[in-house]
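Asks: Test case, fold it:
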Amino acid sequence: MTDPAAVAAQDWDAIIIGTGVGGATLGHFLASRGLRVLFLEKGSRIRRGGEGHTEISPDTRMTYGWWPHPVSERESAGNLKHFYAAVGCAVGGSSIHYAAALERMAASDFTGLQTSGGTIPPWPVSFGEFQSYYEAAETLYGISRTASQEVEARISEWDRALMEQMRQNGLRPEPLHVAMRYDDKCLECIGRICPRACKADALVTCLEPALRQAQCQLLEDCEVQTLDADAQAVRLVRATHRGRALEFRARIFVLSAGALHTPQVLLRSRNALWPQGLANRSDQVGRNLMFHASDLFALWAPRRLSREARQRKAISVRDFYVRDGRRLGYVQSLGVDAGAGVIAAYLKEQLRRRGVHNEVLLSLLAKAPSKIGALMFGNAGIFAATSEDDPSPNNRIVLDATQPDGATFSYTLTDELRRRADDLRFEFAKSVRPWRMVRISPEVQLNYGHPCGTCRFGDDPASSVLDRDCRAHDLENLYVVDASFMPRSGAINPSLTIAANALRVAARIAARLGAQ
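Replies: Numbers count the residues shown, from 1 in each chain. Presented below is the predicted three-dimensional model:
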């Protein structure tokens, strides 16, 4: 068993805080170059599956690998709304639960943008420069962009018929790029832990190979409290391991605790030199929080078709990404049927967000509607639509002494974002006729599992936290590689972009540390 005190006594080349896609991908690269790498992870290694994120017991949530504490949204009236978000807390981070859809953002997502709220600067790295890192991340996570015929042959009769109908209606659906092996025993573990390592998550793909290197170690159940820094650099990490205070030192420090929690670490790390929080001379740490706007649709065929096949999370539709100059968004199949269990789980989650937490009452309230819904949507598939949120300095993470273990944020869902999401639903419904579509969501929702933007990178230190290499403008040895770095959210799951950026940053850190 690892001795935490012995680990803390060592001098490391790099300490990585968090083991999700960003941290694990970067750490894997550094360890493969012979560098001494230490991962610090608040959660532990989860050895059993389970949906789990709707449970209200912190112990139960930790058992299943979810962040144990509620997040708190500060509403316009000043009230706090508490709920549990689909954010992981385990070795491998949220990726052990993810649905493994790894898609590239569009070239247009890297450009600047003028919105009603102001000017959004372009990424300091061009889409063209990013392409090679997308390719490297796809190779690492087992995504092939040239195997579309093989994928189409693997999907169900239902999915093939829908794709053909879309093409007849002028759309250009593509097979979804899913990081799963899809062998004969694949269960397509969407939203849950894969028991067979068939799903290419951060744990299987990056962390376990990295830990096979003698100079790489992981300390689980280790919660980072603050970073100690002087005017130029971070000197040490202060953390607790199962209640015991420890300090860790390294040449390079990398934050990858997620866009909700990375800024909290920085804001907590105040001292006389950093009165607003570490790396926060710009007052941008925690600001520009973005979530995707999300809608759920049920689709069913005009005739009876089989959905039995290995791959059911199969369809990607980008035709509305930018439509007549407007950023409507992206649609993909979720890989689940609209059965009573799925509908009940969704209804319970919506009720929890509205303050209902009694599990018996939740079951009673969801029982009848879910059965009615299952009868209505029999043999229907569920599709998710996402629309790009725009950054706003007023959408931000804030420290809250009453919620020290959660995440408190202020956020406004704008009418303009609602209109784009509504228009996406309307255009998609027209484009799948004569297939029938019913909106499952009672209204446009925020996807709290896709936070990003709270430590964005840019060329201007006055309006960004990180430089083009994702190093803090103000500190020579602090980097951030989770979704915090993103200046725009696009309308795509950020996982592949996080992995690609982590490889880009890892190459620069390795060169700086003199690795081969």
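
Asks: The residue lying farthest from the centre of the chain: what secondary structure?
Replies: Seen from the C-alpha centroid of the chain, the residue lying at the greatest distance (Cα atoms, centre = their mean) is Arg303, 36.4 Å away. When classified by DSSP: H, G, I helix; E, B strand; the rest coil, Arg303 comes out as coil.

Asks: how far away is it from Ala491?
Replies: Using Cβ to Cβ, to the nearest Å, Arg303 is found at 32 Å from Ala491. From N, CA and C alone the C-beta is placed, and that goes for glycine too.

Asks: And Phe485, by the same measure?
Replies: Applying Cβ to Cβ, the value for Phe485 to Ala491 is 18 Å.

Asks: Am I right that Val265 is in a helix?
Replies: Yes. Counting by three-state DSSP, Val265 is located in a helix.

Asks: these two touch, right, Ser127 and Ala107?
Replies: Quick fix: residue 127 reads Phe, not Ser. Yes. The criterion here is Cβ atoms under 8 Å, and Phe127 meets it with Ala107 at 4.1 Å.

Asks: And these two? Which one has more around it.
Replies: Ranked by neighbour count (other Cβ atoms under 10 Å), Phe127 and Ala107 place Phe127 first, with 17 against 12.

Asks: which residue is nearest the centroid of this structure?
Replies: Geometric middle of the chain (Cα atoms, centre = their mean) lands on His450, at 4.4 Å.

Asks: That one and Ser489 touch, don't they?
Replies: Yes. Shown here, His450 and Ser489 form a contact pair, counting by Cβ under 8 Å, at 7.3 Å.

Asks: what sits in contact with each of those two?
Replies: Both His450 and Ser489 are in contact with Phe291, His292, where contact means Cβ atoms under 8 Å, 6 or more residues apart in numbering.

Asks: what are the ranges of the helices in the chain?
Replies: 4-9, 21-32, 58-63, 127-140, 148-154, 157-168, 202, 208-211, 262-268, 340-353, 359-376, 415-431, 495-512 (DSSP state H).

Asks: Go through those helices and name the closest to Leu478.
Replies: Leu478 lies closest to helix 262-268 among those, at 8.7 Å (Cβ to Cβ).

Asks: Please work out how many residues are found near Val71.
Replies: Using other Cβ under 10 Å, Val71 is surrounded by 22 other residues.

Asks: Which residues are in contact with it?
Replies: Contact partners of Val71, counting by Cβ under 8 Å, 6+ apart, are His82, Phe83, Tyr84, Ala85, Val87, Leu260, Gly406, Ala407, Thr408, Phe409, Tyr448.

Asks: Ramachandran angles for Pro461?
Replies: Backbone geometry at Pro461, expressed as degrees, to the nearest 10, gives phi -60, psi -20.

Asks: Distance-wise, check Arg47 relative to Arg242.
Replies: Applying Cβ to Cβ, the value for Arg47 to Arg242 is 18 Å.

Asks: How about Phe320?
Replies: Counting by Cβ to Cβ, the separation of Phe320 from Arg242 is 49 Å.

Asks: Compare the two (neighbour count), which wins?
Replies: More crowded of Phe320 and Arg242, by other Cβ under 10 Å: Phe320, with 24 against 9.

Asks: The closest residue to Ala106 other than its chain neighbours and Gly170, how far apart?
Replies: Nearest residue to Ala106 in three dimensions, chain neighbours excluded: Tyr321, at 5.7 Å (Cβ to Cβ, 6 or more residues apart in numbering). Distance of Tyr321 to Gly170, given as Cβ to Cβ: 15 Å.

Asks: In terms of neighbours, single out the busier of these two.
Replies: Neighbour count, other Cβ under 10 Å: between Tyr321 and Gly170, Tyr321 has more, with 21 against 8.

Asks: So Gln217 is in contact with Phe39, correct?
Replies: Yes. Using Cβ under 8 Å, Gln217 is in contact with Phe39, at 7.2 Å.

Asks: out of the two, which sits in the more crowded spot?
Replies: More crowded of Gln217 and Phe39, by other Cβ under 10 Å: Phe39, with 26 against 19.

Asks: I'd like the distance between the more buried one and Cys216.
Replies: Taking Cβ to Cβ as the measure, Phe39 falls 8 Å from Cys216.

Asks: Please apply the same query to Val285.
Replies: 29 Å.

Asks: okay, these two: which has more neighbours?
Replies: Higher neighbour count among Val285 and Cys216: Val285, with 28 against 24, using other Cβ under 10 Å.

Asks: Do you know the pLDDT at that one?
Replies: pLDDT, Val285: 98.

Asks: tell me the most buried of the helices of the chain?
Replies: Mean neighbour count (mean count of other Cβ atoms under 10 Å) peaks for helix 202 among the helices of the chain, with a mean of 32.

Asks: which strands and helices sit next to that helix?
Replies: With contacts defined as 3 or more Cβ pairs under 8 Å, 6 or more residues apart in numbering; DSSP states H and E, helix 202 has these neighbours: helix 21-32.

Asks: which secondary structure elements does the helix it packs on contact?
Replies: If you count contacts as 3+ Cβ pairs under 8 Å, 6+ apart, helix 21-32 packs onto strand 11-17, strand 37-40, helix 127-140, helix 202, helix 208-211, strand 244-255, helix 495-512.
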